[in-house]
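S.K.: For reference, the sequence and a predicted model appear below.
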Amino acid sequence: MYRSAEDVQAAEDLLAVLDADEQGPWVLSPAQLGVLTRAMDVRNALLPSASRQHPDLDAEIRAAYLRSRRPPTA
């Protein structure tokens with residue numbers, strides 16, 4: 001699923017962050033948010049009902065990823 005070494009490292013870092021504190025709050029890098037949204041896409045493709053379990057959380061994660069990709073405004 002992740003082809004570049006950067007994506008693999010971001011996924012490993014994300015797992016370490018999530019394992020360290022299951023309760024959050026988490027501050028994720030744009031790369032980690034990208035890896036997470038791709039994982040969510042795969043999950044939703046394989047288990048469509050999973051996307052309906054926490055739609056607000058999924059939407060927040062996707063919105064955070066989109067915000068992280070925008071250039072900063074002055």
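M.R.: Noted; the coordinates are in hand. Numbering: from 1, shown residues only.

S.K.: for stretch 15-34, how far is the first residue from the last?
M.R.: 13 Å (C-alpha to C-alpha, to the nearest Å).

S.K.: Low-confidence stretches in this structure?
M.R.: 1-2, 18-26, 72-74 (pLDDT under 70).

S.K.: Let's check: the centremost residue of it is which one?
M.R.: The chain has L36 as the residue nearest its centroid, 2.3 Å off, counting by C-alpha atoms, centre = their mean.

S.K.: Show me which residues of stretch 41-52 are buried.
M.R.: Buried residues in stretch 41-52, counting neighbours by 16 or more other C-beta atoms under 10 Å, are absent. All C-beta spots, glycine's among them, are computed from the backbone N, C-alpha and C.

S.K.: Show me what the helix or strand M40 falls within is in contact with.
M.R.: With secondary structure defined by DSSP states H and E, M40 is part of helix 30-46. By C-beta atoms under 8 Å, 6 or more residues apart in numbering, the residues outside helix 30-46 that reach it are 1-2, 6-7, 10-11, 13-14, 17, 28, 50-51, 58, 61-62, 64-65, 68-69.

S.K.: can you map out the helices along this structure?
M.R.: Ranges of helices in the chain, per DSSP state H, are 5-20, 30-46, 55-69.

S.K.: Would you mind finding the most buried of these?
M.R.: helix 30-46 (a mean of 16; mean count of other C-beta atoms under 10 Å).

S.K.: Next, the angle helix 55-69 makes with that helix.
M.R.: Put simply, helix 30-46 runs at 140 degrees to helix 55-69, going by axes from the mean of the first three to the mean of the last three C-alpha atoms, to 10 degrees.

S.K.: Report the angle between helix 30-46 and helix 5-20.
M.R.: Using the same axes, to 10 degrees, helix 30-46 lies at 80 degrees relative to helix 5-20.

S.K.: which phi and psi does S4 have?
M.R.: phi -90, psi 150 (degrees, to the nearest 10).

S.K.: now the residue nearest to the centre of the chain: how far from R3?
M.R.: As for L36, its distance to R3 is 16 Å (criterion: C-beta to C-beta, to the nearest Å).
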